[in-house]
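**Q** Quick one: sequence plus predicted model below, questions after.
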Amino acid sequence: MDYLRNDLSGQVKSLIGITIVLSIICIIIGHFIKKVDPTKKTPLWLVPLIFIVDLINSFAKSNIGKRWKSYAPYFLALAIYLFVANTCGIFAMDNPTSYIVLNFGLALITFFLVQITGIVSLGIGGYLGGFVGPVKPMAFIMIPINIVSELTLPISLSLRLLGNIVSGAVLGIMIKGLLVWWAIPILPVFNAIFDIAFGLIQCFVFVILTIINISQKVDDKEKLYA
């Protein structure tokens, strides 16, 4: 019990620390961006930020359609937060994404956003009609199946992220247990691969799945927006 309490305490501290650091960084970057003159050459430090924002905006435009501006900030914030949370292990911090409650909380936000999008874009009738199967004899049989499928979305998103992040930590513990002192030169390389490369991949997967699930609730007519 004491171990679980200490482990939870470390994850909460990491969660709070990441939130504070990201908030401060965003405030500082926002301050410098306000001073940038759009009529002059773009500063070199701003180029990567423009690339990331443009990438997220492009994904949002192509999948969401005319309402993309309402979703792009969430996608960007989600991507940044997940990447930092997944990779904070290289700074000797506990990964908050190895804590199921955080993952489930983020997945719930996506879940409610998906449902709200369906209601706004399709209307109540169109949204509820999506739970009915396309084949008339099987229509009412598909209703409970589609409802269960919808409710499992936050569970699948959170468990997928948890499993991939925890697997890296478990493998690290196994390497230390097997190699003991010989693990010292190996673990930095291992952590770099799992914490940075895999952390980036899992961040990308979570955000893409969020965009795809929201896109499925958007009326096809709205997606034709350019």
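**A** Received, thanks. Values in this document were obtained by computation on a predicted structure and should not be read as measured data.
**Q** which residues touch Gly17?
**A** Met93 (C-beta atoms under 8 Å, 6 or more residues apart in numbering). Backbone N, C-alpha and C define where each C-beta goes, glycine included.
**Q** tell me which element it falls in.
**A** Assigned by DSSP states H and E, Gly17 belongs to helix 2-34.
**Q** Tell me the helix or strand right after that helix.
**A** helix 47-64.
**Q** In that following helix, which of the residues would be classed as buried?
**A** Buried positions in helix 47-64, judged by neighbour count with 16 or more other C-beta atoms under 10 Å: 56-57, 59-61, 63-64.
**Q** I'd like the mean pLDDT over that helix, please.
**A** For helix 47-64, the mean pLDDT works out to 90.
**Q** Same question for stretch 203-220.
**A** The model assigns stretch 203-220 a mean pLDDT of 90.
**Q** Can I get that stretch in CSV, CA atoms only?
**A** What follows is stretch 203-220, C-alpha atoms only, in CSV (Å, rounded to 0.1, in the frame of the first residue of the first chain):
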residue,chain,number,x,y,z
CYS,A,203,1.3,10.8,-29.0
PHE,A,204,0.7,10.8,-32.8
VAL,A,205,-1.6,7.7,-32.6
PHE,A,206,-3.7,9.2,-29.8
VAL,A,207,-4.2,12.5,-31.7
ILE,A,208,-4.9,10.8,-35.0
LEU,A,209,-7.5,8.4,-33.5
THR,A,210,-9.1,11.4,-31.8
ILE,A,211,-9.3,13.3,-35.2
ILE,A,212,-10.6,10.2,-37.0
ASN,A,213,-13.4,9.5,-34.4
ILE,A,214,-14.5,13.1,-34.5
SER,A,215,-14.4,13.1,-38.3
GLN,A,216,-16.8,10.1,-38.4
LYS,A,217,-19.4,12.2,-36.7
VAL,A,218,-19.1,15.1,-39.1
ASP,A,219,-21.6,15.5,-41.9
ASP,A,220,-20.0,14.7,-45.3
